[in-house]
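**Student:** Sequence and predicted structure below; questions after.
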Amino acid sequence: MKGAKKANEVKPSDLGLDVEQLTELEPERLPPLPHPYQDWKDEPIPEKKKKELDTSLDGIAGLRIPRPESEAERRRAVESFVRGLDKLFSREDNWTFLRPFLLSIENCVRCNTCADACPIFVESGRAEIYRPLFRAEVLRRLAMRRRSGLARAFGALTGTNSLEPDWQVIARLAELAYRCTLCRRCAQNCPMGVDNGLITREIRKLFSQELGWSPVELHADGTIKQLTVGSSTGINKKALEDILEFAEEDIEDRTGMKIKIPVDKEGADVLVMHNAGEFLSWPENLEAFAILFEVAGISWTLSGDLVGYDSVNYGLFYDDVQYARVTLKHAEIARKLGVKKVVMGECGHAHKAFMAVGDRMWLERANIPRESALTLMEDLVCNGKVKIDPGRNDFPVTLHDPCNITRSMGIVMPQRRVLQKIAPRFREMEPHGVRNFCCGGGSGFAIMQSENFPDWRMRVSGRKKFAQILDAFQDCIGPETNKYVCAPCSNCKGQIRDLLNYYGAWERCRILYGGLVELVVNAMADVKEGFLEWELH
Amino acid sequence: MVAVQVICYAAVVVFVVAVLVRVIRYAAISVGMRWELYPVPHEKGRAAWGGSIFEELEWWTKPRRVDMIGEIREMLSEIAVLKGVWHHNRKLWWFSFPFHFGLYLCIGWVVLLVLLGIFGAAGVNLGDDLATVATWLVAITGYAGFALVGLGALGLLLRRLFDPGMRRYSAPVDYFNLLLFIAAATVALAAQLLYDPGFSLMAGFVTSLVSFSTPADLHPLMVAEVVAGAVMVAYIPLGRMSHFVAKYFLYHKVRWEDEPNRPGSEIEKRVKQALGYRVDWAAPHIQQGKTWGEVTTELPAKQEVAK
Ligand code: SF4
Ligand code: SF4
């Protein structure tokens, strides 16, 4: 055993223990999966490749912090952490989230009602460090040092002075902030309304905004790339042109339709914003939207501006400054184009970044109305604006609810009404809607592909979703029936693709995944049959 | 006995001031990003499945349908029967509910005694029937309240001790608080049963409090009961047990706060003001010392980003 403590025995006060690795995932404790995976055995997670990374929490390299080379470096990091901690509590530095943060930090009654709501905690075999309360409690104990006089004198009595920041504590806490998908299911269960997901986000923010510690995929290759190159995928304007040209040809190959995908079209009513990940990994999603809008006669356009052709905003997951930079850019682009509204493609966190959290960043003339593609699709499909032949989707379909769209935004029924119209064999996962489970790739996890983090993600954070998918298809689980998991979100699709690959569920059960618009187009009577390709990619 | 009266007045003052300080502290944070969590019970016609106005086509052209009855119903079921704990932590509910319900009864008991004291001091005659009902109500709320608080707190204490998840995260103060409740409830029960079973002496003492007159002497155990009660009143809002204040804000100002930002709105005004705050964050990608408005619209020099 590499971890010094058993997974179910770690306490918040252990975070500073002077050991090589605090704990580790114990594969034999992971809950069993449904049929036909009841005998599934997970291999132990491989060790990290880069020796210089600090993985002293659980052996997993998610954030990938290098070990400091000198004592001075350690000290500087700890000093920065302490300064950053103060800033989390300051109105000037944290006006964005101070209210929920302060209320959550100060008012947990440690009743543990949140624990059973958390798929990561439960599916890890109840490893203590993943308990929703654990990391909040660590921060709480560290924040106690900010208190003065009387409160600190009562430290022993309240038990809240037991953690002093040192390198080991802060490095482990930083890594631990990337073992929660910010799905907020725990907050939904908390009778107090305390939000441990938000506390995790604030921990990430402290490290990013004060120490510059953030996952490369979210920051350097994420928001920074998006703001400088145009997209976190690295797609620049030239590449965008090539991609759209390819998509137009592909539409013609698949359907015989000649469609010009509009970019920066003057006078268009609707600006459609996609997660640029779709362009590279799922061009059929972009194509399906183009077909649907063309057939429905919608006046729409994409933006060809830097940042404008990529709706992602990873800042939402770790950094308010980067979040605001991206969102203000999006708002400015929409204003410049003079569209009547912005429609969000199938990307959950972009929905939330644009419409819910971002609601208060789109100011004055840039406050262009924004809506979800799901509601627009509902209007087109359910009000007869496109002709539907549901018989074309005569296979079992289940729906994954992206947390950001349902739990955080309350968009629950439009996608269901569409499915009821186009998919005769639609069935729900349990639980679903606002009580859904995260796909396990939320808060940036789906794109964090380096070192051994994906191994952890497949075994732990995605385990519940995979079990739910299997459960939804138990009546037809064999490979003789093609089945479809509809996930109207790019990040969720990425995670579900990885899950199906890891568990070999395409070969074994013929379970495929994709978005909602692809299913709509597959059922459109005015489009040549067979838009959907039964191939895992 | 005057000293006991002073303790009671002091406890009320501490309670009011501590609650006000908390309320003002939380209310002073006047703006932030939206962070609601569905279901939101005031979403008319949609709350059943956790829907929001975002489900409507061109939602900004539609009237915002706020169902205050739905919100109040949800609030009441949360306050009165601890609906959340019932659904998500049934084992805890069996102790938490009696405890909280007992507290409500104790509050009702105090309110009744205060009202009776005010009437008595003002010379209002309630009439025989009403007076009998009031006496019964005082006895029922008092005895049931003390018993439920005591038993509920004992159950919560045992659960905290024997549930490994709870024990691991409990601090000494959590046990101390519960012991305090058990002690206060036990003393109150014993004092009333032994020395004032009909609550007439206690009613007399409360009348003296509201009329600022000299009270009659009480048995030392009753003095202990009053002092323990006063200590609880003063202590509750000072620590984590003040969660009733926070819960209001967490539910109404975070979880259910879904007011859209319209151009020219108060929200917009406050956000614009906040964009003028100076940013002190020190990571390389942030221009420390500039305002939020500047930091978020200008990128730092390339080399800074690349560090
Ligand atoms: S966050 Fe809420 S549910 Fe979890 S322990 Fe704290 S008060 Fe209880
Ligand atoms: S936000 Fe989700 S993943 Fe994170 S602690 Fe809560 S339930 Fe678990």
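**Tutor:** Here it is on my side, so go on. Ligands and ions are numbered 1, 2, ... in the order given.

**Student:** I figured residue A:503 hits residue A:467, correct?
**Tutor:** No - shown here, residue A:503 and residue A:467 do not form a contact pair, counting by Cβ atoms under 8 Å, at 10.2 Å. The C-beta positions use only the backbone N, C-alpha and C, and glycine is treated the same way.

**Student:** Common neighbours of those two, please.
**Tutor:** Each of residue A:33 lies in contact with both residue A:503 and residue A:467 under the rule Cβ atoms under 8 Å, 6 or more residues apart in numbering or on different chains.

**Student:** Report the central residue of chain B.
**Tutor:** Closest residue to the average C-alpha location of chain B: residue B:244 at 1.3 Å, with Cα atoms, centre = their mean.

**Student:** again with chain A
**Tutor:** By Cα atoms, centre = their mean, chain A has its centre lying nearest to residue A:442, at 2.2 Å.

**Student:** got a list of what the residue nearest to that residue when sequence neighbours are not counted touches?
**Tutor:** Leaving aside its sequence neighbours, residue A:442 sits nearest to residue A:181 (Cβ to Cβ, 6 or more residues apart in numbering or on different chains; 3.6 Å). The contact partners of residue A:181, by Cβ under 8 Å, 6+ apart, come to A:120, A:403, A:438, A:440, A:441, A:442, A:443, A:445, A:461.

**Student:** which ones are touching the second one?
**Tutor:** When you say that, I think you mean residue A:403. So residue A:403 contacts A:181, A:183, A:184, A:185, A:348, A:436, A:438, A:442 (Cβ under 8 Å, 6+ apart).

**Student:** tell me the secondary structure for it?
**Tutor:** coil (DSSP: H, G, I helix; E, B strand; the rest coil).

**Student:** what about the spatially closest residue to it that is not a sequence neighbour, how many neighbours?
**Tutor:** Nearest residue to residue A:403 in three dimensions, chain neighbours excluded: residue A:183, at 4.5 Å (Cβ to Cβ, 6+ apart). As a burial measure, residue A:183 scores 26 neighbours (other Cβ atoms under 10 Å in any protein chain shown).

**Student:** these two touch, right, residue A:183 and residue A:407?
**Tutor:** Yes - with contact defined as Cβ under 8 Å, residue A:183 counts as touching residue A:407 (7.2 Å).

**Student:** and the residue nearest to the centre of chain B, what helix or strand is that in?
**Tutor:** Assigning secondary structure by DSSP states H and E places residue B:244 in helix B:243-250.

**Student:** and the helix or strand that comes right after that helix, anywhere near chain A?
**Tutor:** Note on helix B:243-250: by DSSP H and E, the next helix or strand toward the C-terminus is helix B:266-274. Yes - contact between helix B:266-274 and chain A, assessed by Cβ under 8 Å from any Cβ of the partner chain, occurs at B:267, B:268, B:271, B:272, B:274.

**Student:** Show me how far helix B:266-274 is from its chain's centre.
**Tutor:** Counting by Cα atoms, centre = their mean, to the nearest Å, helix B:266-274 is centred 29 Å from the centre of its parent chain.

**Student:** tell me the mean pLDDT over it?
**Tutor:** Helix B:266-274 comes out with an average pLDDT of 95.

**Student:** list the buried ones in the following helix or strand past that helix?
**Tutor:** Beyond helix B:266-274 on the C-terminal side, the first helix or strand identified by DSSP H and E is helix B:292-297. By neighbour count on 16 or more other Cβ atoms under 10 Å in any protein chain shown, the buried set for helix B:292-297 is B:292, B:293, B:295, B:296.

**Student:** ok, now which ones touch the third one?
**Tutor:** Applying Cβ under 8 Å, 6+ apart, one finds that residue B:295 lies in contact with A:321, B:279, B:286, B:287.

**Student:** ok, of these, which one's closest to ligand 1?
**Tutor:** Nearest to ligand 1 among the contacts of residue B:295 is residue A:321, at 27.4 Å by Cβ to the nearest ligand atom.

**Student:** from memory residue A:204 sits against residue A:176, does it?
**Tutor:** No - using Cβ under 8 Å, residue A:204 is not in contact with residue A:176, being 10.1 Å away.

**Student:** before we move on, the earlier item: what about residue A:503 and residue A:467, which has more around it?
**Tutor:** residue A:503 (22 against 19).

**Student:** In contact with the more buried one: list those residues for me.
**Tutor:** Contacts of residue A:503 (Cβ under 8 Å, 6+ apart): A:33, A:37, A:40, A:458, A:466.

**Student:** do you know how far it is from chain B?
**Tutor:** 30 Å (Cβ to the nearest Cβ, to the nearest Å).

**Student:** Please identify the buried residues of stretch A:304-317?
**Tutor:** For stretch A:304-317, using 16+ other Cβ under 10 Å, the buried residues are A:304-317.

**Student:** Same question for stretch B:215-223.
**Tutor:** Buried, per 16+ other Cβ under 10 Å, within stretch B:215-223: B:215, B:218, B:222, B:223.

**Student:** quick one: what helix or strand has the last one in it?
**Tutor:** Put plainly, it is residue B:223. helix B:220-235.

**Student:** okay, now residue B:189: neighbour count?
**Tutor:** Number of residues near residue B:189 (other Cβ under 10 Å) recorded here: 18.

**Student:** If you could redo that for residue B:171, that was the one I meant.
**Tutor:** Counted with other Cβ under 10 Å, residue B:171 comes out at 19.

**Student:** do residue A:430 as well
**Tutor:** Counted with other Cβ under 10 Å, the neighbours of residue A:430 add up to 11.

**Student:** just residue B:65 next, same as before
**Tutor:** Neighbour count of residue B:65, defined by other Cβ under 10 Å: 12.

**Student:** In contact with the closest residue to it other than its chain neighbours, which residues are there?
**Tutor:** Spatial nearest neighbour of residue B:65, excluding adjacent residues (Cβ to Cβ, 6+ apart): residue B:44 at 3.8 Å. By Cβ under 8 Å, 6+ apart, residue B:44 lies in contact with B:65, B:66, B:67, B:70.

**Student:** Please state the backbone phi and psi of residue B:44?
**Tutor:** In terms of degrees, to the nearest 10, the main-chain angles of residue B:44 are phi -60, psi 130.

**Student:** how far away is it from residue A:193?
**Tutor:** Distance from residue B:44 to residue A:193, counting by Cβ to Cβ, to the nearest Å: 22 Å.
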